[in-house]
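J.: Let me see the structure of the following:
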Amino acid sequence: MASIQISGIYGEYGANLNRDAESKDDDVEENDEKEYIAIPEEAIKYLPAEWQKNIYALKEEGQTVLASVDENLNNLNRLVHAFPTMASLRYIQHRLVSTKFEATMEWALENDMLTLAFVTTYCRLVDGGLGSGVSRKALPAKLRPVHDRIVDLRNKRYAHNAGHDTISGNLVIGFEGGKFDLNVTFNMGFHVGGALEWEPLVIFLDELMISRLQKQLEKLTEKTGREWSFPSGPPPKWVSSD
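T.: Below you'll find the predicted structure:
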């Protein structure tokens with residue numbers, strides 16, 4: 001059965017033109033790995049006429065198949081546009097939990113910077129935009145309050161100065177000896193290494209994206225009668241639920 005491979009995480013579509021071939025050498029073990037050969041379309045005209053005929057026939061077949069599942073491919077394209085944001089969110093969360101507390105202003109600002117990156121990246125992921133978003137109702141009931149707190153933190157503390165309860169500042173005015181003395185008191189609350197409740201939320205979202213991908217590939221296989229695959233490999237060392 002011919003297969004169609006989606007190349008990369010940005011929704012580029014490429015035809016895998018592998019054909020099963022029998023080895024003429026009985027001593028050579030069969031290699032089940034698929035090989036991928038890519039040539040620019042401009043170079044096809046320099047190939048032998050028989051090759052050109054076969055290539056254009058495969059191209060027409062592939063275009064016909066892709067046209068029949070255009071809506072599904074659009075959905076898949078939106079999904080893979082969310083993958084870089086999901087990877088960023090996972091990495092930022094890893095950086096947060098790996099931080100070691102220090103009683104310095106530099107550490108507090110570093111922790112605040114990573115928290116800013118986390119909450120804005122999370123909101124970018126769930127809102128979707130060009131990518132596939134995640135609605136609140138798609139989350140398990142126990143994770144929805146976590147979602148609400150992150151969105152509130154993003155809206156009131158990081159995207160806007162809107163009076164979030166974790167940050168406050170006051171101007172103190174003193175008057176002595178005929179002059180005014182100004183002083184500022186500033187209070188900033190934070191989670192060391194991020195809130196503990198963020199990790200299970202990130203793990204759920206990661207698994208949700210993978211599940212959505214598998215469902216889209218299954219729909220494409222069902223509609224086209226052809227196998228669809230997506231590049232995969234071992235996760236980075238920093239991706240761990242431990």
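
J.: Distance check, the spatially most central residue of the chain against Ser98.
T.: Geometric centre of the chain, nearest residue: Phe83, 2.3 Å, by CA atoms, centre = their mean. To Ser98, Phe83 is 23 Å away according to CB to CB, to the nearest Å. For glycine as for every other residue, the C-beta is placed from the backbone atoms N, C-alpha and C.

J.: Ala38 now?
T.: Computed as CB to CB, the Ala38 to Ser98 distance reads 39 Å.

J.: do Thr224 as well
T.: 44 Å.

J.: Pick out whichever of the two has more residues nearby.
T.: Legend: neighbour count by other CB atoms under 10 Å for Thr224 and Ser98, higher for Thr224 (17 against 10).

J.: pLDDT score assigned to the spatially closest residue to that one that is not a sequence neighbour?
T.: In this structure, Thr224 finds its nearest non-sequential neighbour in Val65, 5.2 Å apart by CB to CB, 6 or more residues apart in numbering. The model reports Val65 with a pLDDT of 84.

J.: Same check on Ile203?
T.: 94.

J.: can you check Asn18 too?
T.: 34.

J.: go on, Asp25?
T.: Predicted confidence (pLDDT) for Asp25: 44.

J.: swap in Pro140?
T.: 95.

J.: Chain neighbours aside, what residue packs nearest to it?
T.: Closest to Pro140 by CB to CB, 6+ apart is Phe204, at 6.8 Å.

J.: ditto for Tyr91
T.: Trp238 (6.4 Å).

J.: Kind regards, and thank you for your time.
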